[in-house]
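Q: my questions concern the predicted model and sequence given below.
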Amino acid sequence: MSEQATMMSDVAKDAPMAAAAAVAGATPSPTSSAKPKFDLTLYLVTSSTLLPPNTTLESHIESAIKGGVTIVQLREKSLDTAPFIALGKRIHSITKKYGVPLLINDRVDVALAVGCEGAHIGWDDMEYATARKLLGPSAIIGLSVSNITQASLAASTTVDYVGIGPVFPTRTKPDAATPLYPGGVRQILELVYSKRPDLPSVAIGSINSSNIQAVLYKSRPAEGLPLAGVAVVSAIISSNDPESAASGLLSLYKSPPPWAPPPPSQPTVFTHFYLPLILSKVVSIIRSIKEHKPLVHQITNGVVKNFSANVTLAIGASPIMSEHIEEAADLANIVPQSALLVNMGTAGPGERRLYATAIRENNKAGKPVVFDPVGAGATGMRRETVRWVLDECGYVDVIKGNEGEIRTVAGEGIRMKGVDSDSVGGVDELAKVVKAVAGRERSVVVTTGATDVLSDGNRTVLVSNGHPFQALVTGMGCALGSVLAAALAVHKDDKLMSCLAAILLYNVAAERASKADSSKGPGSFSVAFLDQLYEIGEICARGEGGWLDGVKVEFV
Ligand SMILES: Cc1ncc(COP(=O)(O)OP(=O)(O)O)c(N)n1
Ligand SMILES: Cc1ncsc1CCOP(=O)(O)O
């Protein structure tokens with residue numbers, strides 16, 4: 001791994017045509033002098049054992065290339081040398097026709113014999129420096145990276161790209177390292193960029209049409225190179241229609257994910273100077289809830305269902321409590337304005353498949369998802385459910401929890417009793433944690449407490465309204481999730497603004513309820529609270545914002 005970084009990789013960004021010219025025009029040998037341009041966007045890695053019956057690898061690869069595959073790796077673990085070379089030559093005659101580079105997995109000798117464009121090697125294979133010497137400077141050579149140490153070593157070589165994985169658990173590679181998930185891929189991208197800013201990366205490991213956009217979105221570093229592509233085996237090789245499988249993946253790759261609409265032309269600046277503008281937007285979001293009556297699909301815990309449904313109705317939205325996997329897709333598409341709330345209050349491992357389906361369906365439909373990691377740090381089972389939701393279920397727009405829950409999401413080992421959190425550190429320190437989690441997950445994070453902390457990773461807001469009775473009514477915290485979801489359903493442009501509207505509505509309603517004559521304690525308070533949610537909605541419907549006078553909002 002000591003080779004000097006004297007050679008730059010030559011990545012074609014507008015690749016298919018350029019790569020066609022380069023691969024077809026260059027002598028098709030790793031020892032020729034010009035390195036073929038290559039495009040990692042949709043990287044097909046083969047495995048003949050996964051082909052559907054009565055299909056050939058040759059026809060499968062050709063169809064996949066027609067569908068948009070930009071580079072191919074022949075990865076055939078059980079072939080002996082001679083048949084491997086023969087297959088490689090047959091495949092190379094196809095890939096050359098389309099100007100798509102062909103690399104050989106593990107076997108530098110086979111790559112040389114085939115005369116293809118290069119090889120992909122792992123840490124148990126031939127050392128990179130030797131592979132480079134044998135294949136020559138013009139060969140495309142990729143290295144696998146499964147952890148930070150390997151990333152650092154790879155970035156100190158002249159390798160042409162790195163393959164980061166596995167992203168998710170995969171059956172295709174039984175000896176694969178521990179899954180990195182999109183957050184781990186991002187850490188590796190950051191490390192690679194800090195050492196070799198020109199080095200492109202692909203992610204690999206159970207990437208398919210249901211997760212490709214989340215992988216790309218969540219792995220994107222704050223600065224530096226995002227993934228240059230995704231590598232797949234089963235998503236194309238096991239498909240009966242490899243051309244459509246490839247074109248489907250490519251079109252998802254190229255389109256913005258449904259949960260990231262183009263930013264508003266004039267994003268709201270969160271400073272005190274703009275407070276009047278911000279509060280007028282709060283009023284208009286609450287009015288929109290009344291106007292559009294968004295559906296809030298709530299997968300929530302039994303303790304709070306009734307109260308959450310009443311809160312949803314009081315603000316003018318429409319609740320539906322459903323835990324049926326069979327109707328998750330229909331509910332995500334039933335009306336134009338809807339959102340999903342996933343509250344893991346009483347959930348066990350049995351609920352995880354439901355969460356995955358509901359979240360993915362709402363992602364696909366472009367509907368916002370709010371996740372409430374209730375009691376996140378209390379048990380190992382809950383910590384695993386949080387990990388499952390954030391790593392494996394797609395994308396959640398908002399993560400809402402109390403301090404202990406959000407600190408658990410942040411990775412801190414906070415001990416909790418039941419679902420109540422310990423309070424540690426001051427608000428300023430908490431705000432940093434909330435901002436970091438929001439940046440890491442690329443979601444809005446809402447932390448409730450005496451001071452609520454909201455952040456989208458860039459802007460952070462503190463809200464100190466509310467009343468102590470809120471802590472004495474069961475379901476008060478959980479029902480806030482439905483208000484957040486309703487606000488997001490009607491206002492997706494600026495999710496932090498929607499969350500601020502929901503928080504102010506909720507907490508000012510609590511303050512007003514506590515002052516109502518009928519409010520004698522937590523029981524009567526909870527009834528007055530529902531009345532106040534309704535009343536503030538009516539006030540906003542008239543376009544009035546006086547109820548927001550004196551709100552305690554601070555911009556960090
Ligand atoms: C693009 C890409 N990335 C990673 C790998 C994994 O390679 P390796 O670590 O050598 O494991 P095997 O593929 O040999 O099982 C890859 N093949 N391609
Ligand atoms: C070769 C390899 N390296 C890391 S994961 C993996 C297998 C990817 O296959 P699939 O896309 O079918 O999960």
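A: That came in fine, so what should we check first? Residues are numbered from 1 along each chain as shown. Ligands and ions are numbered 1, 2, ... in the order given.
Q: nearest spatial neighbour of the residue of the stretch 351-500 of the chain found nearest ligand 1, skipping sequence neighbours?
A: At 19.3 Å from ligand 1, residue 391 is the closest residue in the stretch 351-500 of the chain, using CB to the nearest ligand atom. Quick note: C-beta positions are derived from backbone N, CA and C, even for glycine. Nearest residue to residue 391, sequence neighbours excluded (CB to CB, 6 or more residues apart in numbering): residue 181, at 3.9 Å.
Q: hang on, the earlier thing: doesn't the residue of the stretch 351-500 of the chain closest to ligand 1 belong to a helix?
A: Yes: applying DSSP: H, G, I helix; E, B strand; the rest coil, one finds residue 391 inside a helix.
Q: pretty sure it is touching residue 186, no?
A: No: counting by CB atoms under 8 Å, residue 186 is not a contact partner of residue 391; they are 11.9 Å apart.
Q: between the two, which one's more packed in?
A: Set residue 391 next to residue 186 and count neighbours by other CB atoms under 10 Å: residue 186 wins out with 22 against 17.
Q: list the contacts of that one.
A: Residue 186 sits next to 218, 219, 220, 221, 440 when contact means CB atoms under 8 Å, 6 or more residues apart in numbering.
Q: what kind of secondary structure is it in?
A: Under three-state DSSP, the three-state class of residue 186 is helix.
Q: of all the residues in the stretch 251-400 of the chain, which one is nearest ligand 1?
A: Residue of the stretch 251-400 of the chain nearest ligand 1, by CB to the nearest ligand atom: residue 253 (15.3 Å).
Q: ok, now which ones touch residue 242?
A: Contact analysis of residue 242 by CB under 8 Å, 6+ apart lists 60, 61, 63, 64, 67, 236.
Q: of those, closest to ligand 1?
A: residue 236 (13.3 Å).
Q: tell me which parts of the chain are close to ligand 2?
A: 45, 165-166, 170, 172-173, 176, 204-207, 232-235 (CB under 6 Å from any ligand atom).
Q: return the distance of whatever residue of the stretch 301-450 of the chain ends up closest to ligand 2 relative to residue 252.
A: Per CB to the nearest ligand atom, residue 392 is where the stretch 301-450 of the chain lies closest to ligand 2, at 13.4 Å. Residue 392 sits 17 Å away from residue 252, going by CB to CB, to the nearest Å.
Q: who's more crowded, the two?
A: Using other CB under 10 Å, the more surrounded residue of residue 392 and residue 252 is residue 392, with 20 against 17.
Q: would you agree the more buried one is in contact with residue 168?
A: Yes: Residue 392 is within contact range of residue 168, at 6.6 Å (criterion: CB under 8 Å).
Q: can you list residues touching both of those two?
A: Counting by CB under 8 Å, 6+ apart, the common neighbours of residue 392 and residue 168 are 181, 211.
Q: what does this protein put close to ligand 1?
A: For the chain, the residues in contact with ligand 1 (CB under 6 Å from any ligand atom) are 43, 45, 73, 75, 105-106, 120, 122, 125, 142, 144, 163, 165, 173, 202, 204, 231.
Q: how about the residue nearest to residue 304 when sequence neighbours are not counted, phi and psi?
A: Leaving aside its chain neighbours, residue 304 sits nearest to residue 475 (3.3 Å; criterion: CB to CB, 6+ apart). As for residue 475, its main-chain torsions (degrees, to the nearest 10) stand at phi 90, psi -10.
Q: ok, residue 475 to residue 117 distance?
A: Distance, residue 475 to residue 117, by CB to CB: 61 Å.
Q: the two: which is more packed in?
A: Higher neighbour count among residue 475 and residue 117: residue 117, with 32 against 20, using other CB under 10 Å.
Q: look up phi and psi at the residue lying closest to the more buried one once chain neighbours are set aside.
A: Spatial nearest neighbour of residue 117, excluding adjacent residues (CB to CB, 6+ apart): residue 101 at 3.8 Å. Phi and psi for residue 101, reported as degrees, to the nearest 10, are phi -70, psi 150.
Q: nearest to residue 494, of the residues of the chain next to ligand 2?
A: Distance to residue 494 across these (CB to CB) is lowest for residue 207, with 30.1 Å.
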